[in-house]
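[1] Next comes the sequence, and after it the predicted model I'd like to discuss.
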Amino acid sequence: MFERLSRIRLLYVVLAVLLLVGLLPLGLAGVLLSRRSAEELRAIEGRYQAQLVQDKARQIELYGQRYRDVVSGVARAFEITGGIHLLADPGYDARLQRSLQDDPNLIALAICPVKGEVHRAFQPDLIKREEVDQRVSDVLSRMSTRGVVISRPQIIRSGQEMGLTIAAPVMNGDQIVAAVVAVVSFQEVFKVVQQSSTKSARELLDAGLPVVFVVDQNGRAVAHPDAAVAFSERPMTDLKVVQDWLETGAQVQSALAPFTIERDGRVSPMLGSYATAELDHNSLLGVIAIQDEAAAMTSVRDMRNQTLFISLLAAAFVLLIGFYFAEKLTRPVRELAAGAHRIAAGDFSQRVKVLGRTELGELGASFNQMTDQIERFVSDLQRSADENHELFLGTVKALAAAIDGKDPYTRGHSERVSRFAVATAQGLGLPTEEIEQIRISALLHDVGKIGIDDRVLKKPAALTDEEFEVMKTHPQKGYKIMSQIPAMRDFLPGMYMHHEMINGGGYPQGLSGDQIPMQARIVSVADTFDAMTTERPYQHAMDLEAALTRLKSFVGTRYDARVVAAFIAACEAGRIRPGVTRVRRNGTNPLPLSSSEPLPDSLLAVS
């Protein structure tokens, strides 16, 4: 009973910490509230934009209607007075010019009889006569009925101002006898879209305010807060809201069309809306409003920041109280994790220090006991592995020595080839595991000779062609013997292919180039070098320089250039020294072999 009361359950500690996490409901409520506010504000902004573009469109229509009435009124006045005979009055042009002074929005006014001279008045500081005549010609070319013709707003190049051309016919019965043409300033529309603000379009967007502009039926800007945009008649079709208006045309008077654009290298959600201003049936203008949604939602962002600030204060308070409990809880866990990492890395020198009366304290003690057991097991396994490896190497060396011992001229040959091969592999920078495989493969490279008749194997003279063919079977015999043992699989290439040649002239498979494994290429060079530098019944042992010269001469035909280079480097560094075995020849003189003669194939087979 006393022991149960003295223990502190880890569950109680966790519950105590969780009780302090009271800021989660606060944060969640703040997020939900800000999201709801954002949706409401977005809806309000959308309704405001829709109403805004509708109001601007109506103002533009009223402005256009005003000057439609002006031009139509002049045309009707001519009809009422009985025609255009008053144009012959010498003072008529002067009176026409004075009429422009009464209305600053009238840039030019022209009376164009079907037959007779055109009478025109214009403000020379805003438009040139040639542009007046050009606009009159353009609008008259479209006039075919009694109705008023209104052209799309166009830039007046000479005055750098946008102008609208309106024409109304003067009828005499059913015939058109003249036309009244007026060029009207579009400056009032610029004032409408600028909304009494001196800010540029970019500044309006950054401030979260709507940017209103007007486009024609081709999607080109004709009125914009930045006048340069309109004067350049820049296409605004890269904005999706403009594309939507062009697709709907006059079918939809106004609509809300959210979209996205790339601003300052990032994609920004935008609020967009459009409305149609109808100057006449053939002349429609789109009133477009766009607004940066993120900037417009500043108040929501401020509210979210305030919620975050309050949450951070609450979190700081919670952290002050919970720090002690969290530290008490996490320190043992970190200690156990560090101990597990050390064990995984093979370090059993340290034990975890987890004290306490909780389950973690008991776990720490059990963990240390487990570490002791694992350390003993690993030590035993390592010792057994080392013993097995040494036993394996001893067995391999004994087998190699037994094979070499069949012939007094090749005694110690496999051991020397193994040392030469290892030094060469190290010079090539091969991995340790691969070097160990090469060492074993070199020790066993002649294991197939166990199946060669002693009369051929121990012959104290050069082999005949038939005997040479028999000797050439030792790689296959060795492969057949060792391939039955799964553990020998990694050592087979050196045993089976060490008589292959780079040019494909070797045996038993006639492989060439990179088809020959690196293991076999290394054993081949080491094998030949030892054969050349030891006494044989049919040759004297070569000195080091002569043997290396002979190896170099076979680069590209028998041997790999990289392997020979690494072998020579190992010789120059003193890691390879030829092992000369001198034995009694039973009165048989060795065959002389000069450095200029080719290496006998029988020597390669015996080696």
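    Sure thing, it's come through. Residues are numbered from 1 along each chain as shown.

[2] Can you show me the strands along the stretch 251-400 of the chain?
    254-256, 259-263, 266-280, 283-292 (DSSP state E, counting those that start in this stretch).

[3] Just name the most buried of those.
    Among the strands of the stretch 251-400 of the chain, strand 283-292 has the highest mean neighbour count (mean count of other CB atoms under 10 Å), at a mean of 24. (Each C-beta comes from the backbone N, C-alpha and C, glycine too.)

[4] Determine the set of other helices and strands touching it.
    helix 23-80, helix 201-206, strand 211-215, helix 240-248, strand 266-280 (3 or more CB pairs under 8 Å, 6 or more residues apart in numbering; DSSP states H and E).

[5] what about 7 Å?
    Packing partners of strand 283-292 (3 or more CB pairs under 7 Å, 6 or more residues apart in numbering; DSSP states H and E): helix 23-80, strand 211-215, helix 240-248, strand 266-280.

[6] got the residue ranges for the helices in the stretch 401-550 of the chain?
    413-427, 432-443, 454-457, 465-471, 474-482, 492-497, 518-532, 544-553 (DSSP state H, counting those that start in this stretch).

[7] now the last one: how far from the chain's centre is it?
    The one in question is helix 544-553. Relative to the chain's own centre, helix 544-553 is displaced by 54 Å; criterion: CA atoms, centre = their mean, to the nearest Å.

[8] Counting by contacts, list what that helix packs against.
    With contacts defined as 3+ CB pairs under 7 Å, 6+ apart, the packing partners of helix 544-553 are helix 518-532, helix 561-572.

[9] Buried ones in stretch 153-171, by neighbour count?
    153-156, 159, 161-170 (16 or more other CB atoms under 10 Å).

[10] ok, so of those, who is nearest residue 563?
    Comparing the buried residues of stretch 153-171 against residue 563 with CB to CB picks out residue 155 as the nearest, at 80.9 Å.

[11] Does the closest one touch residue 185 like I think?
    No. Under the criterion of CB atoms under 7 Å, residue 155 makes no contact with residue 185, lying 12.0 Å away.

[12] distance of residue 282 from residue 112?
    20 Å (CB to CB, to the nearest Å).

[13] neighbour-wise, which of the two wins?
    residue 112 (22 against 13; other CB atoms under 10 Å).

[14] Check what pLDDT the more buried one gets.
    pLDDT recorded at residue 112 is 85.

[15] so who does it touch?
    118, 136, 140, 178-179, 181 (CB atoms under 7 Å, 6 or more residues apart in numbering).

[16] These: which two are farthest apart?
    Most distant of the contacts of residue 112, by CB to CB, are 136 and 178, 11.9 Å apart.

[17] Who has more neighbours out of those two?
    Neighbour tally, residue 136 and residue 178, criterion other CB under 10 Å: the higher count belongs to residue 178, 24 against 21.

[18] so where's the stretch 401-550 of the chain shaky on pLDDT?
    For the stretch 401-550 of the chain, residues meeting the criterion pLDDT under 70 lie at 401-411, 536-539.

[19] Mind doing that once more with 80?
    401-412, 450, 453-463, 487, 535-540 (pLDDT under 80).

[20] what do you get for the stretch 201-350 of the chain?
    201, 205-208, 249-260, 262-266, 281-282, 293-350.

[21] Swap in 90 and give it another go.
    201-212, 216-219, 222-234, 236-350 (pLDDT under 90).

[22] Nearest spatial neighbour of residue 470, chain-adjacent residues omitted?
    residue 456 (5.2 Å; CB to CB, 6 or more residues apart in numbering).

[23] and the one you found, what does it touch?
    Applying CB under 7 Å, 6+ apart, the residues near residue 456 are 463, 467, 470-471.

[24] now do 10 Å
    Going by CB atoms under 10 Å, 6 or more residues apart in numbering, residue 456 touches 449, 463-464, 466-471, 474, 605-606.

[25] and if you look at residue 230?
    153, 155, 161-162, 186, 189-190, 193, 213-215, 220-224.

[26] so where does it fall, helix or strand?
    According to DSSP states H and E, residue 230 maps onto helix 227-231.

[27] Which parts of that helix count as buried, going by neighbours?
    Neighbour-count burial for helix 227-231 [16+ other CB under 10 Å]: 227, 229-231.

[28] do stretch 202-222 as well
    204-205, 208-216, 219-222.

[29] just checking, which of the contacts of residue 112 belong to helices?
    Among the contacts of residue 112, the ones falling in helices (DSSP state H) are 136, 140.

[30] need the contacts of residue 112 in JSON lines with distance to residue 262 and pLDDT, can you?
    Below are the contacts of residue 112 laid out as JSON lines (distance: CB to CB, whole Å; pLDDT from 0 to 100):
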{"residue": "118", "distance to residue 262": "50", "pLDDT": "81"}
{"residue": "136", "distance to residue 262": "43", "pLDDT": "88"}
{"residue": "140", "distance to residue 262": "44", "pLDDT": "86"}
{"residue": "178", "distance to residue 262": "53", "pLDDT": "85"}
{"residue": "179", "distance to residue 262": "48", "pLDDT": "88"}
{"residue": "181", "distance to residue 262": "44", "pLDDT": "91"}
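
[31] Can you tell me which of the contacts of residue 112 lies closest to residue 429?
    Nearest to residue 429 among these, with distances taken as CB to CB, is residue 136, at 89.7 Å.

[32] if I pick the closest one, what's in contact with it?
    Contacts for residue 136 (CB under 10 Å, 6+ apart) come out as 108, 110, 112, 118, 120, 165, 167, 179, 181-183.

[33] could you measure it against residue 414, distance?
    As judged by CB to CB, residue 136 and residue 414 stand 111 Å apart.

[34] residues in contact with residue 351?
    Residue 351 makes contacts with 339, 342, 364-365, 367-369, 371-372, as judged by CB under 10 Å, 6+ apart.

[35] can you check residue 210 too?
    45, 48-49, 52-53, 195, 204, 271-273, 288-292, 296.

[36] again with residue 261
    Contacts of residue 261 by CB under 10 Å, 6+ apart are 205, 238-241, 267-270, 272, 290, 292.

[37] Rebuild the contacts of residue 112 as TSV, extending it with distance to residue 441.
    Formatted as TSV, those follow (distance: CB to CB, whole Å):
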residue	distance to residue 441
118	108
136	101
140	101
178	111
179	106
181	103
